[in-house]
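A.B. asks: pasted the sequence and its predicted model underneath.
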Amino acid sequence: MTILRIPTQKEIKRYATLFNILVKYGFEDVLSHSPILKLIPNKYLEEHPETKINLSFTKYERIRMVLEELGPTYIKLGQIFSTREDLLPLELIEELEKLQDHVPKLKDFDVLNTVEEELGIEKFGYFATIELEPLAAASLAQVHRAQLRNGEAVILKIQRPNITEIIEADLMVMKQVADSLEKYSSQAKAFQPTRIIESFERSIKEELQFAREIGNTERFAKNFVGNEFIHVPDIYKELSTDKIICMELIDGIKVSNIEALMAANINPKAVAKIGVDLYIEQILDHGFFHADPHPGNIFIIPKTEKICFLDFGMMGTVLPNEKESINDLLLYFLSKDVKKIITLLENIAIRTNIPDCKKLEQDLYQLLEGVSNTAIQNIKLGDTLSQFKVVLYENQIIIPHYLYMLIRGIILIEGVGLKLDPEFNITENLEPYTAKILRKRFSLKYLLKKNLNRLKDINALADTLPDDINTIVKKIKDGKLEIVHEHKGLKEFQTATSKAVNRLVFAVIIAALSIGSSLLVMAKMPPLINGIPVLGAIGFVLSALLGFYIVISIFRNNQL
C-alpha cells in the first residue's frame, strides 16, 4: 500500500520556485509531463509575458539561466556536469562551463556590515579598504578585493547569507527527483542518480565549513613545500572565521584562457603536463587531493609561471592502506588482471551483492580489452572510469565516497589537460608513477616491512588461538555450544508446499460440494424452486465461486 507523503514547507517553497523559474524561461513542455502542473493556476501562466522574451534564447542558454536563478545548489550541480561530455551535448557543456565564472552576484549585499559582524570592530580595523563590488561570485560565496593597513592586497571569501537553509531545501527536492528517476527510468538508473546526489550532498556540506577549508589549505601547502611548480595562497587565520576567509590575492590567468597564456609566453602543453603531474602526485603520493579541479579553480601566475590551485573546500583523503589499494588497482588495470581486480574490489567496497561473478568478470574483461585495443594517444581515462562506474553499478558494488571523488577529480583534470592540449594523454603522466610503484614493491625495505607485518599477524593469531580453542572445548563440555545451521530456500519451499496443500484441500472441498449437489439434484430433494432443489443449487454456486477463486489465485500467484 502506497503511503501519501505530505511535503514539508521548505520543499513546497522550493518546488514553487522551481516551477516559477521553469515557466519563466519557457519550459512549459517540461511541466506539461508533470502531474503537479494541475496545481498551478492557468491565470498565473497568462500573467507572465516575460516567458516570450526568454524564449528568444536557445534551449541550452535557458537551461543555464534556470540553474543560475535557482541558486547556489543547482549552480554547483551544473558545474559538476560541465565536464561530462560523455553524458551531455557539447552545446550544453559550453553553457554549463559559464557557471564556473558567470555566477550571479548578490543584490543588496551589505559587505562591510557582514565583515564587521563576523570579525568584530577590532579586527575590522585591520582593513584599509574593502571593495563593495565583488571580484568574483562563486556558487557558495562571493569574493571581494581588500587591502590591509600594511598595504598587502588580499581577498575576502564571504559565505552567501542563509546559504545553509537554501541548500538543505534544495537537497531534499533533488533526493526525491533522483529517487523517482531510479524507480521509473532504467536509463537514468544506470548512472546512479541517488548515489550522485548523496556524494554531492557530502561534498557541498564540506564546502560550507570554511574553518575546514582553512585547515585543508594549510595541509595542502605543507605537502608541496619546496615544489618549484606550485604556489599555495597564504591564509590570514586571524582575519578568518567559519563564514569568512581572508587570503592572499592571486593575480593570475585562468588555466582555460589559452589566448592569455600564450600572450604571456606560457606554453599550454607544458601547463597541461605539469598540472596533471601535480594532481597525480596529490593522489598517489600525498593521499590528499583537490576534489574539484575545474578550470575556475586553477590559475597560472605569469611572473613565476607557477600553478595555483584555489578553493580547498572539497578535498579527498586517502588513508595509507587505501593508498596501497589504489596503487594495486592501477597496476591490475594496466596488467589486465581481472581476477585480482575483483578480489580487490570486494575488499575495498562498502557493500557487494554481486549477482553473477562470471558476468562481472566478463564486463571487466571487455572494458580492459576496449582500452588495450585503443591506440595510446586516443585513450581517454575519464571515459574509461565512467564505464567502470557503470560496471560497478550493474554488478551491485558500492565503493567508498573517496573513490567516487577521486574518479570525478581525474575526469575533471583530464578535461583541463585536453583543453590545454588536444593531443594530451594522461596515461603518459601515469607511467613514471607505475614504475615507481613497481620499484617500491620489489624493494628490500618494502618486502621486509610486509613480511614483518605478516609475522606480527601470525604471532597475534598464535597468542589468541589457545584461548579460543579452550573456550570452544569448555562450551562443548558444558553443552553450551550452539551451531547455527541455515537452509537456503527452505522457507520458500515451505511456503510453496503450504500453497499446494491449501489448493489441494480447496479442490477436495469443491469436488465434494459438486458431487453432493449432483446427488441432491438427482434425488429432487425439497425444498424445490421451479423443480430445482435449493440446497443443490447453493452447492453448485459455492463450488463455482471456490473454483473461480482457485483459478484466479493460480494466475495471479497470490497466497492462499
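C.D. replies: Arrived safely, thanks for sending. Nothing here was measured: the structure is a model prediction, and the numbers come from that model.

A.B. asks: so where do the helices sit in the stretch 251-400 of the chain?
C.D. replies: With helices called from DSSP state H, counting those that start in this stretch, the stretch 251-400 of the chain shows them at 258-263, 268-281, 320-335, 338-348, 357-372, 381-394.

A.B. asks: dump those helices into TSV; add distance to residue 508, mean neighbour count and mean pLDDT as well.
C.D. replies: Heads up, the C-betas are built off the backbone N, CA and C, glycines and all. Formatted as TSV, the helices of the stretch 251-400 of the chain follow (distance: least, Cβ to Cβ, whole Å; neighbours: other Cβ atoms under 10 Å; pLDDT from 0 to 100):
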stretch	distance to residue 508	mean neighbour count	mean pLDDT
helix 258-263	85	14	92
helix 268-281	75	20	92
helix 320-335	63	16	81
helix 338-348	52	16	84
helix 357-372	46	15	78
helix 381-394	48	18	75
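
A.B. asks: for those, which one sits closest to residue 113?
C.D. replies: helix 258-263 (35.7 Å; Cβ to Cβ).

A.B. asks: look up the closest residue to residue 260, ignoring the ones flanking it.
C.D. replies: Among residues not flanking residue 260 along the chain, residue 253 sits closest, at 4.6 Å (Cβ to Cβ, 6 or more residues apart in numbering).

A.B. asks: list the beta-bridge partners for that neighbour.
C.D. replies: For residue 253, the beta-bridge partners under DSSP bridges are residue 300.

A.B. asks: give me the pLDDT for it.
C.D. replies: Listed pLDDT for residue 253 reads 93.

A.B. asks: that one is in contact with residue 305, isn't it?
C.D. replies: No: using Cβ atoms under 8 Å as the test, residue 253 is too far from residue 305 to be in contact (10.2 Å).

A.B. asks: can you list residues touching both of these two?
C.D. replies: residue 266 (Cβ atoms under 8 Å, 6 or more residues apart in numbering).

A.B. asks: how far away is residue 456 from residue 449?
C.D. replies: Distance of residue 456 to residue 449, given as Cβ to Cβ, to the nearest Å: 11 Å.

A.B. asks: what bits of the stretch 51-200 of the chain have low per-residue confidence?
C.D. replies: The model of the stretch 51-200 of the chain has pLDDT under 70 over residues 51-57, 80, 82-88, 100-103, 185-192.

A.B. asks: could I get the full set of strands for it?
C.D. replies: 127-130, 136-137, 141-148, 153-159 (DSSP state E, counting those that start in this stretch).

A.B. asks: and the stretch 351-500 of the chain, by the same measure?
C.D. replies: 351-352, 397-398.

A.B. asks: was I right about residue 124 contacting residue 117?
C.D. replies: No: in this structure residue 124 lies outside contact range of residue 117 using Cβ under 8 Å: 9.1 Å.

A.B. asks: phi first, then psi, for residue 201.
C.D. replies: Taking degrees, to the nearest 10, you get phi -60, psi -50 for the backbone angles of residue 201.

A.B. asks: and for it, nearest residue in space, chain neighbours not counted?
C.D. replies: residue 171 (5.4 Å).

A.B. asks: what's the neighbour count on the one you found?
C.D. replies: 18 (other Cβ atoms under 10 Å).

A.B. asks: ok, it touching residue 199?
C.D. replies: No: Residue 171 lies out of contact with residue 199 (Cβ under 8 Å); the separation is 11.9 Å.

A.B. asks: neighbouring contacts of stretch 154-169?
C.D. replies: Residues contacting stretch 154-169 (Cβ under 8 Å, 6+ apart): 10-11, 13-14, 71-73, 106, 109, 111, 114-115, 130, 135, 138, 140-148, 204-205, 208, 210, 236, 239, 243-250.

A.B. asks: which residues does the most centrally placed residue in the chain contact?
C.D. replies: Nearest to the mean C-alpha position of the chain, by Cα atoms, centre = their mean, lies residue 196 at 2.5 Å. Counting by Cβ under 8 Å, 6+ apart, residue 196 touches residue 178.

A.B. asks: fine by me, thanks again.
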